[in-house]
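Trainee: coords please:
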Amino acid sequence: MSALYRKARVIAGFLFLGALLNGCALILPQTEAIRDKRPADLPVHAELTEVPFFPQEEFQCGPAAIAMAMNAAGAKVTPEAMVGQVYLPARKGSLQIEMLVAPRRHGLIAYELEPQFGDLLREVAAGTPVVVLENYRLRVWPLWHYAVIVGYDFDKGEVIRRSGTRQRQTMPFTVFEYVWKDEGYWAMVVVPPDRVPATATEERYGQAVAALERSGNFKNAHIAYNAMLGRWPGSLVGLMGSGNTAYALKDLASAESWFRDATLTHPEAPAAFNNYAHVLAERGRLKEALAAAERAVSLGGPLLPASLKTLEEIRQRGPAGPRKPE
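Mentor: The predicted structure follows:
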């Protein structure tokens, strides 16, 4: 057992006692709220026993935690393989940004949760382990630690964790919130591209998929945008993302279809008409492309310079420009 983990256990116990003595409602509002009224959509007990466990090396809780979450999402990685991707020797730890970026390198979606205890529990109930960042000292003199929440029990008022060298460690809700709250209740989940996290919002999930797309994994990003449309039919981000990734994968027919759907569903979205025009032009349908480009320009907005450029390019190709092979 590492010195860090031994100290964490001692401090956690001390804080639990302090919280009880000082009135946890004043400093642990989320625990108080869910304990007084359990959300109706949450079962009383949940535990993800199949989540793999990797005991951490000293100061390397980040690689161990992210490896557990990624394995649960289907990526066969080891903590040793993740050290170079998330561990910063100078800091003797891992920053949240590295924890979010690493799964994308393996084609997975890394999603940062809303800072809500209830959302964390909902993800676990839905079958997804949650990586959390905890502080076992004072905020001005922190001792950060990543753990993986794999279960909870409302009857006992505790969460179940993979942490340090302990494959199954229980911790009272009160203690957990106390050590979790200092970094703004930071938590993340890792899911395969065809699965949307249970608590995802359209905006935050769209940002997570866009980050995967920017990493260059267009195939998995395309799958994720399609999953997004399954949750939020008609989403402009989902339609545009599906079109953009289809285009990147050189599937112009599908890209045209997605962008056409975007223009029909969102007739005031210049980006949809601009991209639709661009693909139509590449497919040699210049008359239709010109009409779409003119519509994009007429809608104006911050994308007007890009729309004007597309329109000019289509005009330069002429009414019967060469048709590119598909």
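Trainee: so which residues make contact with stretch 31-48?
Mentor: Here stretch 31-48 makes contact (Cβ atoms under 8 Å, 6 or more residues apart in numbering) with 24-25, 72, 117-118, 121-122, 124-125, 127-129, 150-155, 157, 160, 173-174, 176-177. For the C-beta atoms, the positions are set from N, CA and C on the backbone; glycine is no exception.
Trainee: the residue most central in space within the chain: what secondary structure?
Mentor: Per Cα atoms, centre = their mean, the C-alpha nearest to the average position across the chain is that of residue 111, at 1.2 Å. Here residue 111 is recorded as strand under DSSP: H, G, I helix; E, B strand; the rest coil.
Trainee: contacting residues for it?
Mentor: So residue 111 contacts 188-191, 197, 200, 204-205, 208 (Cβ under 8 Å, 6+ apart).
Trainee: inside strands: which ones of the residues you listed?
Mentor: Of those, the ones assigned to strands by DSSP state E are 188-191.
Trainee: make TSV from those and add distance to residue 314 to it.
Mentor: Output for these, formatted as TSV (distance: Cβ to Cβ, whole Å):
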residue	distance to residue 314
188	43
189	43
190	42
191	40
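Trainee: in TSV: those, plus pLDDT and distance to residue 79.
Mentor: Shown next, in TSV, are these (pLDDT from 0 to 100; distance: Cβ to Cβ, whole Å):
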residue	pLDDT	distance to residue 79
188	97	17
189	98	18
190	98	14
191	98	20
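Trainee: quick check, nearest of those residues to residue 254?
Mentor: Distance to residue 254, by Cβ to Cβ, is smallest for residue 191 among the ones in strands among the contacts of residue 111, at 23.7 Å.
Trainee: quick check: the gap between the closest one and residue 223.
Mentor: 11 Å (Cβ to Cβ, to the nearest Å).
Trainee: likewise residue 63?
Mentor: 26 Å.
Trainee: neighbour count winner among the two?
Mentor: Taking other Cβ atoms under 10 Å, residue 63 and residue 223 do not tie; residue 63 has more neighbours (28 against 21).
Trainee: mean confidence for the helix or strand hosting the more buried one?
Mentor: Following DSSP states H and E, one finds residue 63 within helix 61-72. Taken as a whole, helix 61-72 has a mean pLDDT of 94.
Trainee: kindly report the same for stretch 274-291.
Mentor: 97.
Trainee: in it, which residues are buried?
Mentor: For stretch 274-291, a neighbour-count test (16 or more other Cβ atoms under 10 Å) marks 274-286, 288-291 as buried.
Trainee: what about the stretch 201-326 of the chain, any weak spots by pLDDT?
Mentor: Applying pLDDT under 70 to the stretch 201-326 of the chain flags residues 319-326.
Trainee: which parts of it are helices?
Mentor: Here the stretch 201-326 of the chain has its helices, by DSSP state H, counting those that start in this stretch, at 202-214, 218-231, 236-248, 252-265, 270-282, 286-299, 304-317.
Trainee: fine, thanks again, bye for now.
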